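A.B. asks: need the 3D shape of this:
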Amino acid sequence: MGTNENKTPWGDVWAGEEQVLRHESESEADYRNRLERRLFTHKFFHVFYPMLKKYIPAEKKQKILEVGTGSGSYGLKLAMEFPESHITMTDVAPEAVAYASAAGAALGIRNIEVRQGDAISLPFADTSFDTVLSDAAIQYIPQYKKAVSEMVRVLRPGGRIIVSAVNQWNIPHTFHKWRLGPRYMHGWEKSFTHKELTELLEKNNVKVIGREGCYAAYGVYRLGYKHPPFKLIGRILNRVSKWIDAFTGGAFNRAFGFQILAAGDKMGEPW
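C.D. replies: This next block holds a predicted model:
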């Protein structure tokens with residue numbers, strides 16, 4: 001994900017780009033459909049991507065950087081929806097770089113560059129990008145303050161930065177991590193509050209323009225991968241949270257969502 005100092009099994013998660021290669025028996029159409037399902041149909045992707053995209057500036061031609069791309073789902077989807085823009089996707093794990101590169105090539109996406117890069121020492125010159133985004137990466141980086149500082153460094157004045165992380169106030173997930181301790185599957189993972197994300201950006205000369213939260217029930221739903229009854233409980237809680245949000249203007253998920261997001265513009269005269 002973000003930095004070589006992060007000792008988590010993410011390399012193993014993305015190892016084996018053969019998962020995105022075409023099977024001999026597949027037609028081209030079937031292969032593309034399978035690949036798009038793998039990348040773009042996860043429950044959390046459906047919830048989070050529209051929230052992320054809302055903060056991507058509408059300019060047709062822009063240079064966008066994604067830090068900690070993982071599977072590449074968000075960067076690849078943005079490249080498909082902003083075909084005149086150029087998307088640079090970085091990850092410290094070579095396995096993730098290979099995975100996202102193979103997926104992009106298989107989908108025929110040409111306006112991307114996928115390269116290895118450490119979030120605490122990004123391999124780009126100052127003010128290189130119009131938009132910088134990082135989804136759920138800083139939570140795995142002990143030097144997360146340095147990582148955010150680097151993201152702002154490579155962002156042009158007036159450019160947009162979008163950072164997300166798991167929410168400390170998503171009680172099911174926070175309790176799950178506390179209960180497992182060192183046995184937690186992703187190793188070191190910091191949960192953030194809205195206040196922390198906001199201060200991280202503001203201390204780096206960024207004016208925060210939006211804060212979001214989503215999928216409060218996901219902390220319960222994901223337990224269902226090992227304990228199936230939790231999937232049903234998670235679905236029920238998700239419907240309840242949506243009902244509450246309908247009457248509170250989204251306040252419930254903004255406060256207790258599994259993941260939270262802060263977006264802002266770098267201060268200074270835009271180009």
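A.B. asks: right, and Val92 touches Gln116 too?
C.D. replies: Yes - counting by CB atoms under 8 Å, Val92 does reach Gln116; the two are 6.7 Å apart. Every C-beta, even on glycine, is put in place using the N, C-alpha and C of the backbone.
A.B. asks: more neighbours: these two, which one.
C.D. replies: For Val92 versus Gln116, the count of surrounding residues by other CB atoms under 10 Å is larger for Val92: 25 against 14.
A.B. asks: quick one: pLDDT of Glu269?
C.D. replies: Glu269 carries a pLDDT value of 63.
A.B. asks: same check on Asn170?
C.D. replies: Confidence score, pLDDT, at Asn170: 96.
A.B. asks: burial of it, as a residue count?
C.D. replies: Asn170 has 25 nearby residues by other CB under 10 Å.
A.B. asks: phi and psi next, for it.
C.D. replies: The phi/psi pair for Asn170 (degrees, to the nearest 10) reads phi -80, psi 90.
A.B. asks: wait, it touches Ala255, no?
C.D. replies: No - between Asn170 and Ala255 there is no contact under CB under 8 Å: 9.5 Å.
A.B. asks: what touches both of the two?
C.D. replies: Common neighbours of Asn170 and Ala255 (criterion: CB atoms under 8 Å, 6 or more residues apart in numbering): none identified.
A.B. asks: thought Thr127 was touching Val154, still the case?
C.D. replies: Yes - with contact defined as CB under 8 Å, Val154 and Thr127 form a contacting pair (7.0 Å).
A.B. asks: using PDB, list the CA coordinates for the top strand by length along the chain.
C.D. replies: Longest strand in the chain by number of residues (criterion: DSSP state E): strand 155-166. This file holds the C-alpha atoms of strand 155-166, laid out as PDB (Å, rounded to 0.1, in the frame of the first residue of the first chain):
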ATOM      1  CA  LEU A 155      -0.100  19.000  -5.800                       C
ATOM      2  CA  ARG A 156      -0.200  22.300  -7.600                       C
ATOM      3  CA  PRO A 157      -1.500  25.400  -5.900                       C
ATOM      4  CA  GLY A 158      -5.300  25.400  -6.200                       C
ATOM      5  CA  GLY A 159      -5.300  21.700  -6.800                       C
ATOM      6  CA  ARG A 160      -7.600  19.200  -5.100                       C
ATOM      7  CA  ILE A 161      -6.500  16.500  -2.500                       C
ATOM      8  CA  ILE A 162      -8.800  13.700  -1.300                       C
ATOM      9  CA  VAL A 163      -7.800  11.400   1.500                       C
ATOM     10  CA  SER A 164      -9.800   8.600   3.200                       C
ATOM     11  CA  ALA A 165      -9.200   6.200   6.000                       C
ATOM     12  CA  VAL A 166     -11.100   3.900   8.400                       C
END
